[in-house]
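K.L.:
Build me a model:
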Amino acid sequence: MPLFSASDRELFETESAALFEDVVKQGSISAADPRIAEEGDARGAFELLQRMGLLLLDPEAMEYTPVDPSSVQSQIVAPLSTEGSELLSESSRWASAFTSLAQSWRRSPQGGRDLITELQGEAIETFLASIVADAQFELLTAQPQTDRDAPSLAAAAVRDVAALDRGIRMRTLYQHSARRSAITHKYVAQVTQRGAEVRTLDEFFNRLIVVDQRIAVIPSSAGLDAALAISEPSIVAYLVDMFKRTWERARPFTNRETTMLRHVAAEQRAMTIRMLIEGHADPASAKRLGVSPRTYAGYVADLKQEYQVMTRFQLGYAMGLKGVSGQESE
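P.N.:
Numbers count the residues shown, from 1 in each chain. Next up is the predicted model:
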């Protein structure tokens with residue numbers, strides 16, 4: 001049976017289906033019916049029903065009789081599904097071919113000329129998949145907790161596990177708030193089982209990915225749907241140094257000891273105090289802590305209860321009397 005196009009489906013929905021229903025009600029339609037004559041109003045709809053096998057000619061009665069649609073559906077849908085699978089497979093092969101070319105380009109002298117490249121939209125994930133697949137020895141990633149949903153973490157898990165299985169060393173930083181995320185725990189379990197190291201920190205930071213201390217990807221000021229790929233050696237070295245310094249202050253994600261969790265809670269409490277003292281709005285403070293505004297409001301409520309006050313003004317006054325700044329050591 002021939003494949004049918006989107007225009008065929010549109011004609012079927014708008015005209016052919018109605019004609020078929022009329023034929024079903026009548027039991028058949030005469031070959032001499034003016035609606036399906038050469039110049040008839042329903043000629044196109046009629047011819048489509050014939051091509052689909054939904055109307056069959058009875059040569060003796062010279063009438064067209066309807067056919068059970070369920071017996072025809074699989075004959076039409078199955079080839080479309082097969083074609084869709086073949087197109088997806090072909091698309092994957094094309095993507096792999098271009099990935100190979102991109103890797104060759106980055107290793108070439110010409111590729112080194114574009115020291116800073118802006119990436120937009122889907123090109124970001126494509127580029128990340130390419131450079132991670134091309135990694136030789138190390139991945140460094142800093143991932144703020146905001147905007148990391150289940151699909152993006154699942155895609156990251158597939159990409160990162162493949163790199164770890166090739167022997168790549170991987171270190172990842174999260175904010176402390178990631179410890180309360182079930183989907184993040186699942187991702188961390190997958191990568192740490194294969195040797196990755198994951199730590200958390202109370203501080204806010206932007207997303208960063210560095211591959212082989214050779215190329216870095218950071219957010220662009222153009223918006224959330226843009227990123228910069230940097231291969232300028234001095235800038236990449238600076239970003240790697242910042243990552244390493246931050247890494248030393250971070251706490252292991254997989255450490256569940258009571259003492260460690262107490263340290264994490266104390267650091268989040270101290271940062272909440274700093275946000276209040278600096279006068280940040282709740283949405284901005286929540287973002288810096290990597291939590292929702294509602295959770296941040298809960299942190300503030302805990303501080304009010306701790307200092308036995310009712311309002312934020314009273315809280316600030318009480319902390320001021322005690323010289324609290326959020327910078328105190330534990």
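K.L.:
going forward, measure contacts between C-alpha atoms and count neighbours the same way
P.N.:
Will do.
K.L.:
For the residue nearest the centre of the chain, identify the helix or strand it belongs to.
P.N.:
With distances taken as CA atoms, centre = their mean, the chain has Ser152 as the residue nearest its mean C-alpha position (3.1 Å). Of the helices and strands defined by DSSP states H and E, Ser152 is found in helix 150-165.
K.L.:
quick one: low-confidence ranges for this protein?
P.N.:
Regions of the chain meeting the criterion pLDDT under 70 cover residues 1-3, 71, 74, 92, 94-114, 145-148, 256-261, 327-330.
K.L.:
in the stretch 1-150 of the chain, which spans are strands?
P.N.:
Counting by DSSP state E, counting those that start in this stretch, residue ranges of the strands within the stretch 1-150 of the chain are 29-30, 55-58, 63-66, 116-120, 138-143.
K.L.:
For Ala227, find the nearest of those strands.
P.N.:
Distances from Ala227 to each of these were compared using CA to CA; the shortest belongs to strand 116-120, at 5.1 Å.
K.L.:
pull the CA atoms of the closest one into PDB?
P.N.:
Output of strand 116-120 as PDB, limited to C-alpha atoms (Å, rounded to 0.1, in the frame of the first residue of the first chain):
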ATOM      1  CA  ILE A 116      35.200  32.000  21.800                       C
ATOM      2  CA  THR A 117      32.000  30.700  20.000                       C
ATOM      3  CA  GLU A 118      28.400  31.500  20.900                       C
ATOM      4  CA  LEU A 119      26.000  28.600  20.800                       C
ATOM      5  CA  GLN A 120      22.200  28.900  20.600                       C
END
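K.L.:
What helices and strands are in contact with it?
P.N.:
In this structure, strand 116-120 packs against strand 223-230, with contacts taken as 3 or more CA pairs under 8 Å, 6 or more residues apart in numbering; DSSP states H and E.
K.L.:
which is the next helix or strand following the strand it packs on?
P.N.:
Read in the C-terminal direction, the helix or strand following strand 223-230 is helix 233-249, with elements assigned using DSSP H and E.
K.L.:
what does that following helix rub up against?
P.N.:
Contact with helix 233-249 is made by Leu140, Ala142, Leu173, Arg199, Leu201, Val210, Gln213, Arg214, Ile215, Ala216, Ile230, as judged by CA atoms under 8 Å, 6 or more residues apart in numbering.
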